[in-house]
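Asker: predicted structure and sequence below. I'll ask about it afterward.
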Amino acid sequence: MTLAVDGYVTRVTSPPIIIDRPDPVVWSRSGDPEVQRFAERGYVQREGAMDAGRVDACLEELHRIGADPAMAADPRVIREAGSDAVRSIFDVHTLSEVVWEAVEHSGAVDLAREILGSDVYVHQSRLNYKPGFAGGAFYWHSDFETWHAEDGMPRPRACSASLALTRNEVYNGPLMIMPGTQKYFVQCAGETPEDYYKESLVATAPSVGVPSEEHISELYRSHGLDVLTGGAGSMTVFDCNTLHASGGNISPVPRANVFIVFNSVENGLADPFAGTPPRPDFLARR
């Protein structure tokens, strides 16, 4: 019997390294220029993916769910550390038909299918909210590294769509991406504690599952950094392996977005590669 070899070994005890990604970024033979830009830079942006009515309806849903007494102790509602401010609401595609209808009308599903070369399903969904003065940061990371180690996603055949519900300015904690880094896999050091997600979902600088400062600096020198601004209703679709982050929001201008992860139906989850129990379904749909 031949044992499968893990091409994305991470959470190592030896010094972590950067390896060339053995899998493609675009899994179809699409000649669409937008998809080709995605292959090269690791992301694409569209203005006007949602109209003002759908944006307002999604914002109302964010406030409705966050203020619902029945959701106060629900583990899907993540609040900023030491605060009642809502940081994320997970499983939003099942909690709100309004939000899911907005996603369907945005074009995100069709674009994900074209990039991944197959039908897709929602691996994870959430509403992210960075209130003015109190929005926390999200440290540099590759989503695939976490999904591989903690959820058992075998290969980086997934992408994420971020739908802006507010304008994204350089000063209110917008998404930052290192273009081209989707072509590499950056190993991370450290053993994964059990139920680590309870810490990592609120930590501004997680202790596990993040690249070293040396590797972040090295990739910045070779690839630079794009700060992704855009109007309310704009959409960014980016590869699951692209290094990205967002700063905290100390401006008076809130930032909110719907975040949907599409995984290929041909990339079903296995046992977590970190050897830990699977995370809850609201973080990793199986």
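Answerer: In hand now; what should we look at? Everything numeric in this text was worked out from a predicted model, so none of it was measured.
Asker: what residues sit buried inside stretch 95-108?
Answerer: If you call a residue buried by 16 or more other Cβ atoms under 10 Å, then stretch 95-108 has these buried ones: 95-96, 99-100, 102-103, 106, 108. Heads up, the C-betas are built off the backbone N, CA and C, glycines and all.
Asker: ok, now stretch 257-271?
Answerer: Neighbour-count burial for stretch 257-271 flags 257-264, 267, 269 (criterion: 16+ other Cβ under 10 Å).
Asker: all helices of this structure, in order?
Answerer: Secondary structure of the chain by DSSP state H: the helices cover 33-41, 52-67, 92-95, 97-106, 108-116, 143-146, 197-200, 213-223.
Asker: give the rounded mean pLDDT of the longest one.
Answerer: Across helix 52-67, pLDDT averages out at 91.
Asker: what's it packed up against?
Answerer: Helix 52-67 is packed against strand 86-90, helix 92-95, helix 97-106, strand 120-130, strand 255-264, with contacts defined by 3 or more Cβ pairs under 8 Å, 6 or more residues apart in numbering; DSSP states H and E.
Asker: mind listing what's buried in that helix?
Answerer: Buried residues in helix 52-67, counted by 16+ other Cβ under 10 Å: 54-55, 57-59, 61-62, 65-66.
Asker: next one: the last one
Answerer: Of all the residues in helix 213-223, those buried under the rule 16+ other Cβ under 10 Å are 215-216, 219, 223.
Asker: state the mean pLDDT of it.
Answerer: pLDDT averaged over helix 213-223 gives 98.
Asker: from Met178, how far off is Glu218?
Answerer: Using Cβ to Cβ, to the nearest Å, Glu218 is found at 10 Å from Met178.
Asker: how far away is Pro193 from Glu61?
Answerer: 33 Å.
Asker: any low-confidence regions in the chain?
Answerer: Counting by pLDDT under 70, the chain has low-confidence residues at 1-4, 82-83, 203-205.
Asker: could I get the buried residues of stretch 95-108 as JSON lines with distance to Pro16?
Answerer: Output for those, formatted as JSON lines (distance: Cβ to Cβ, whole Å):
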{"residue": "Leu95", "distance to Pro16": "37"}
{"residue": "Ser96", "distance to Pro16": "39"}
{"residue": "Val99", "distance to Pro16": "37"}
{"residue": "Trp100", "distance to Pro16": "38"}
{"residue": "Ala102", "distance to Pro16": "39"}
{"residue": "Val103", "distance to Pro16": "35"}
{"residue": "Ser106", "distance to Pro16": "36"}
{"residue": "Ala108", "distance to Pro16": "32"}
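Asker: which single one of these is nearest to Asn249?
Answerer: Distances from Asn249 to the buried residues of stretch 95-108, taken as Cβ to Cβ, are shortest for Val99 (21.5 Å).
Asker: what sits against the closest one?
Answerer: Contact analysis of Val99 by Cβ atoms under 8 Å, 6 or more residues apart in numbering lists 58, 61, 92-93, 125, 127, 258.
Asker: which residue ranges of the stretch 151-286 of the chain form strands?
Answerer: Using DSSP state E, counting those that start in this stretch, the strands of the stretch 151-286 of the chain run over residues 158-164, 175-177, 184-186, 226-228, 235-239, 244-246, 255-264.
Asker: redo these as TSV? Include distance to Tyr197.
Answerer: What follows is the strands of the stretch 151-286 of the chain, written out as TSV (distance: least, Cβ to Cβ, whole Å):
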stretch	distance to Tyr197
strand 158-164	17
strand 175-177	21
strand 184-186	20
strand 226-228	26
strand 235-239	21
strand 244-246	18
strand 255-264	15
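Asker: determine which of those strands approaches Ala72 most closely.
Answerer: Once those are compared by Cβ to Cβ, strand 255-264 is nearest, at 19.8 Å.
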